[in-house]
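Asker: this is the structure alone, sequence omitted:
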């Protein structure tokens, strides 16, 4: 069968409505039927007409009659395809340009997070009276903005152009980063100013990350999808690492020096008569780098909503499957398959199951609930390291921002990349031990057992960091902890989707993202900051306070392992439930990288 991403979707063919279905070959080819009723409904969103020989043909204002769009249908032999990719047809831009653009935006999102961690120690001493809890609360604000707005963008994506929403949202992100670096007015407290700025960055992140991964998975060629998705997600460890290193280096420069810092700054450094707020330059500079990328993203030609993008991919897969079936089984099977399609004339594509029913089904899914909880507890530990590791190095080992940021940045990048690759290899090895055509839920048991091992194995490496304050111990312990946690990322995300019905997967992924942030890395800085503040108020020094707070936080890895054990014991229930629902017989095209 030919590469599906090189075929043309029916609704993008300007000549499709001129094709006749009188011959056997034409019966196997998707054609588009455009009526006056469809053109009147274009402004309302995605509508279509349907017949046995014409699969749904979702139009948009950009693909209306008169547009000069190229037509490329599967040829009779089914071996040659058009050279124009799905990305080119949907967005009028090659995937080799689109995906790197999204990678750059993703990189700067995580670069900003790393830069904030490198700047946090100086910012809280200069602006927040040295209050560790308030400083960590500022670091958590972006996650609250992300969690609140992410579901909203997911809903809006079905009605509005996704990349334009992302462009507007990332422009809001640029405003947030600019305000983070810009000194606030005197009548607004430093905490309120920084908290509102970080809240804006969280909203902007949600507008972009809600669509980026799905769009890349759809437009990437089948033969190199894993490579492109891996490249995109490489922006997470690389962005964090560069943010730690560059942010810490800039913070130690003398770019912006003032004398109106909080008195706490001068109390801690009696020989200093001014304060170095050069950390502000990190956020100002990234604003002007990302803003032009937002303009480019907004100007890209695009379909009217995510439904059209997803439907284009589904029609493309169906066209290839139908063409292959025609040669294998004859034309009657094609007509039979078309007759079974449940789409009403002149109506939008709708879900078969209400969202409320899906939510109840997910909350009753024992494996899904236990896995989400285990993942959230694991994310709590990664959130602690991501936000407070730089301050830990500064206060326990006396390192400056540049040294702490660069060192931890290198650890994060090397461990993150190595762990992600290793996790994928181990997961593939475990999957190979089962039957090739096994239903997805059969892969949950070995993946969950792997997660149990990784959680319990990472705990001693994390705990030794706070138990024995030696630099070599910290480097080895932190590196191994991050390596094992990143190794678990692939398996746990796959289990989240393998353990639910196919039609529930989008909602399951969104709900899981909300849970791990709300209960994980959004809460971690608050707890760690509160513990540090409580210990210092009781007369302990900062080194002891950070060791105590980190020691408490890493115990979440034990609880994470326990949650994964519970999930393992629930797999028998899951297999019985899936068998009763016959999910393996109703399988639909999947967007999973490692999906069997």
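Answerer: It's in. Being a predicted model, the structure only gives us computed values, none of them experimental.
Asker: which of the helices or strands spans the residue nearest the centre of the chain?
Answerer: Taking CA atoms, centre = their mean, the centroid of the chain lies closest to residue 209, which sits 5.3 Å from it. In this assignment (DSSP states H and E), residue 209 forms part of helix 190-219.
Asker: give the buried residues for that helix.
Answerer: The neighbour-count check on helix 190-219 (16 or more other CB atoms under 10 Å) flags 190-191, 193-219 as buried. Backbone N, C-alpha and C define where each C-beta goes, glycine included.
Asker: hmm, back to that, quick one: residues contacting the residue nearest to the centre of the chain.
Answerer: 106, 109, 146, 150 (CB atoms under 8 Å, 6 or more residues apart in numbering).
Asker: turn these into a markdown table, including pLDDT.
Answerer: Output for these, formatted as a markdown table (pLDDT from 0 to 100):
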| residue | pLDDT |
| --- | --- |
| 106 | 90 |
| 109 | 93 |
| 146 | 86 |
| 150 | 79 |
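Asker: relative to residue 469, which of these is nearest.
Answerer: Residue 469 has its nearest neighbour among the contacts of residue 209 in residue 109, at 32.8 Å by CB to CB.
Asker: now the closest one: which helix or strand?
Answerer: helix 95-127.
Asker: what residues sit buried inside the helix or strand that that helix is followed by?
Answerer: For helix 95-127, the following helix or strand on the C-terminal side (DSSP H and E) is helix 132-156. By neighbour count with 16+ other CB under 10 Å, helix 132-156 contains the buried residues 132-147, 149-150, 153-154, 156.
Asker: just want the angle from the next helix or strand after helix 132-156 to helix 95-127.
Answerer: The helix or strand immediately downstream of helix 132-156 is helix 162-181, counting by DSSP H and E. Angle between the axes of helix 162-181 and helix 95-127 is 20 degrees (criterion: axes from the mean of the first three to the mean of the last three CA atoms, to 10 degrees).
Asker: work out the gap between helix 162-181 and the centre of the chain.
Answerer: On the basis of CA atoms, centre = their mean, to the nearest Å, helix 162-181 sits 17 Å off its chain's mean C-alpha point.
Asker: switch to numbering from 296
Answerer: Shifting the count to begin at 296 puts that one at helix 457-476.
Asker: rewinding a little: just checking the distance from the helix holding residue 504 to the centre of its chain.
Answerer: Worked out by CA atoms, centre = their mean, helix 485-514 lies 10 Å from the chain centre.
Asker: how about the strands of the chain, start to end?
Answerer: Applying DSSP state E to the chain gives strands spanning 552-553, 570-571.
Asker: elements contacting the first one?
Answerer: This points to strand 552-553. strand 570-571 (3 or more CB pairs under 8 Å, 6 or more residues apart in numbering; DSSP states H and E).
Asker: helices or strands up against the strand it packs on?
Answerer: Using 3+ CB pairs under 8 Å, 6+ apart: strand 570-571 touches strand 552-553.
Asker: what pLDDT, on average, does the strand it packs on get?
Answerer: For strand 552-553, the mean per-residue pLDDT is 78.
Asker: for the closest residue to residue 758 other than its chain neighbours, give its distance to residue 696.
Answerer: Residue nearest to residue 758 in three dimensions, not counting chain neighbours: residue 849, with 5.4 Å by CB to CB, 6 or more residues apart in numbering. Using CB to CB, to the nearest Å, residue 849 is found at 24 Å from residue 696.
Asker: equivalent analysis for residue 721, please.
Answerer: For residue 721, the distance to residue 696 - CB to CB - is 36 Å.
Asker: who has more neighbours, these two?
Answerer: Between residue 721 and residue 696, counted using other CB atoms under 10 Å, residue 696 has the larger neighbour count: 27 against 19.
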